[in-house]
Each structure stands twice: as structure tokens, then as C-alpha cells.
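Colleague: Here is my input, please return the structure:
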Amino acid sequence: MIDWEIVRETLPAFWDGLQITLLLLLVSTVSGLVLSVPLAVARASHRRWLSLPVFLYTYVFRGTPLLVQLFVIYYGLPQFEAVRASSLWPFLRDPWFCAWLAFTLNTTAYTTEIFAGAIRTAPRGEIEAARALGLSPWQVFRDVFWPGAWRRALPQYGNEVVQMMHATALASTVTIVEILRIARDVYTNYLVIPESFGIAAVFYLGLTIALTLSFRALERHYLKHLDPAASTRREPAGTQRPIHA
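Modeller: Numbers count the residues shown, from 1 in each chain. Sure thing, here's the model as predicted:
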């Protein structure tokens, strides 16, 4: 049975942990989104000197666990005297900065490949038509190229954001007090599972549902022109326009 008195006492702490989780997710995904756009353009480029460095970066960060990346940044870098003597040390000894850096580098790698794939599948006819209208390269990218790539990448990007929300639980390993860390503290104090990790699971499930529904709404907004039902929808019986010979 669930001890609702424990739930009532610890719920404010879980609420505080939820806010930390959302803040960490927000700053990481926004930073990753901003960085991934130019990197995706370089990754999709036919020029090897542009695409190869980005490929190596995404290969490394997609090919290694996020927890390992977080530990290397938080526990590994301080082992070097040069790092401790550098101007970066005040930042690298801060768990918040290290978590933000690890999460941002990781999600940027995945988002870059998502957007690069969307860029590669851009219809050449749209770009050629925009150029024929005399648009500058920047106008072509801003008004034609990128909006189309964003629409094509949106479903996969939504999945990436949900995965990053789940990954924020790893921040508890570097002393950040988010949802999972609160659950561990509750378990340590009360030795109960449903009231600690069970409540944490409810919070994570709620966030997953909210993010999924939000991105589905965005998909309906941006992809409504691709809805086949919209173009084949028939008028009710008796309201069809008569066909004149």
C-alpha cells in the first residue's frame, strides 16, 4: 500500500525537482537546436572539409553513452593540471555547467544528423524556383530551404527531445537535485519504493505525454498541407456541385 502521508510530505520536493528537470531540458535543447542548424548545413555539404569534421563529432557523441560523456567532463577533465589552471576551471567545477555541456553536446550531435537528413531530401525544384525568382542565398535558406527541412525533421526531433528529457535523470549522478535525485533521497529516508521511484515514474510519464502531445500538435500545424484527407474530403451528400454538360 502507498503511504499517502509520505507522498504529501515529499511532493513539494518532487515539484522542485520537476522545475530543475524542465530547466535543464530547456537550456540543453535550445542550445543544441541553435548549434545544430549550421552544423547540419555543413554535415550535408558536398565539401569534405566541411562535412568530415562534423561527421567525426556526431560519430563520437552518438557512439558513446551520455553517462560516460558526463563523467568524462565532470570527473575526467579536472584530473588535468592544465584544466584546473585555465580560465575554464570555474565553469568545469560547477555540476550545472558540466551537465549542460554534456547534454548540449550530445543532443547537438543527434539533432545535427536529423536536420542533415532533412536537408539532403530537400526537393531541388523548390530551390531552383526560388533562385529563378532572384532570391539571395540567405533568402533561399531562410524562406524556402530551412522551413521545409524543419517540417521534415519535426517528427524525429520530437523524439529526440523526449529522449533528452529522460536523459536528464543522469544529472543526479553529478549532484544536481532533479526528479531522480529527489526519489533517491526519499528512498534513503523512508525505505519505500512506490512513494519514491514510483512517484518519480509518474512525473516522467506525465512529462513524456505532455511533450508527445505538444509535438503532435506542432506536426499537425506544420504538416497539415500533407494530410491526404484534406484534399480528398468530400462534401456531404446532396451538397455536391452539379456537373453541367
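Colleague: can you tell me which helix or strand the most centrally placed residue in the chain belongs to?
Modeller: When CA atoms, centre = their mean is applied to the chain, the residue found nearest the centroid is V161 (2.9 Å). Secondary structure assigned from DSSP states H and E places V161 in helix 146-167.
Colleague: Against which helices or strands is the next helix or strand after that helix packed?
Modeller: Next helix or strand after helix 146-167 toward the C-terminus (DSSP H and E): helix 179-190. For helix 179-190, the helices and strands in contact under the criterion 3 or more CB pairs under 8 Å, 6 or more residues apart in numbering; DSSP states H and E are helix 4-43, helix 199-222. (C-beta placed from N, C-alpha, C; glycine too.)
Colleague: just the angle between the following helix or strand past the first one and helix 4-43, please?
Modeller: Using DSSP H and E, the helix or strand that follows helix 4-43 towards the C-terminus is helix 48-63. For helix 48-63 against helix 4-43, the angle between stretch directions is 160 degrees (axes from the mean of the first three to the mean of the last three CA atoms, to 10 degrees).
Colleague: Can you list the buried residues in helix 48-63?
Modeller: Residues of helix 48-63 classed as buried: 51, 54-55, 57-58, 61 (neighbour count, 16 or more other CB atoms under 10 Å).
Colleague: Please list all residues in contact with the residue nearest to the centre of the chain.
Modeller: Each residue near V161 by CB atoms under 8 Å, 6 or more residues apart in numbering is listed here: 25, 29, 211, 215.
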